[in-house]
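Colleague: A structural model of the following input is requested.
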Amino acid sequence: MPKIVDHEARRLELADAVGRVIAREGVNEVSIRSVAAEAGWSSGALRHYFTTRAELLAFACEQVVQRVTTRIAGLRHTGTVHQAVRDTLLETMPIDAQRHTEAAIAFAFLALGLSDPHLAEVQRTHFDGMYGLCLQLIEGLDSEGLLAPHTTSTELLARRLHALVDGLSIQRLAGHLPPESMITQLDAYLAEITLGTDETRDLVRR
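Modeller: Numbers count the residues shown, from 1 in each chain. The predicted model follows:
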């Protein structure tokens, strides 16, 4: 009886191998050969699934987005709305080894997309999704009456929140911020744009 191959599972296995190579050696070391070796495959076998490095990286990025989206959807919030917003944003930021690797894959497309239109589209999709999440969170705070008085639109507030989260993440990836400082700055900004409840002030003082 012929062996049944789960092709999607094998593609996911390769995406995980991309993550391990990036975590250990950096995104510049990702290649057909290095990922094949990491997965215990031959380069020829890998090319049955991804013919170029760009395709491999794009799929790995899509898996990162899906994984983070699934985690956020599975969060069960038992605290305040402010805490829920904070927890949701931290799922997207490099505060531990797993999320550091995920962010490294996603932000690799900033440079890769400059020379490859397909990878640039992957980066735009990632950016659009992150902005959409920030907008959803800002509108949620607004609907609960928790935003501080403001004269700008919720869309602009979401853009600013997105810029802050991405900026802090990039600084962390570059080694300019430890996780604790990144979280402290996020807490301070959330306290600034909300009504400053006791719960939010407690987070900033931690």
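Colleague: who does the helix ranked longest in the chain touch, helix- and strand-wise?
Modeller: For the chain, the helix with the greatest residue count under DSSP state H is helix 117-143. Packing contacts for helix 117-143, counted by 3 or more C-beta pairs under 8 Å, 6 or more residues apart in numbering; DSSP states H and E, involve helix 53-74, helix 81-90, helix 109-112, helix 154-173. Yep, even glycine has a C-beta here, placed from its N, CA and C like the rest.
Colleague: what do you get if the cut-off is 10 Å, keeping everything else the same?
Modeller: helix 53-74, helix 81-90, helix 97-107, helix 109-112, helix 154-173, helix 179-193 (3 or more C-beta pairs under 10 Å, 6 or more residues apart in numbering; DSSP states H and E).
Colleague: gap between that helix and the chain center?
Modeller: 11 Å (C-alpha atoms, centre = their mean, to the nearest Å).
Colleague: so who does Ser31 touch?
Modeller: Val21, Ala37, Ser43, Arg53, Leu56 (C-beta atoms under 10 Å, 6 or more residues apart in numbering).
Colleague: in the longest helix of the chain, what's buried?
Modeller: 119, 122-123, 126, 130-131, 133-135, 137-138, 140-141 (16 or more other C-beta atoms under 10 Å).
Colleague: hey, least reliable of the helices and strands packed on helix 117-143 by pLDDT?
Modeller: Lowest mean pLDDT of those: helix 109-112, a mean of 76.
Colleague: excluding chain neighbours, what is closest to His150?
Modeller: Spatial nearest neighbour of His150, excluding adjacent residues (C-beta to C-beta, 6 or more residues apart in numbering): Leu157 at 6.6 Å.
Colleague: my read: that neighbour touches Ile193, true?
Modeller: Yes - Leu157 is in contact with Ile193 according to C-beta atoms under 10 Å; the separation is 6.4 Å.
Colleague: domain ranges for this protein?
Modeller: Domain segmentation of the chain under automatic domain parsing yields 1-51, 64-205.
Colleague: what mean pLDDT does the longest helix of the chain get?
Modeller: Averaging pLDDT along helix 117-143 yields 90.
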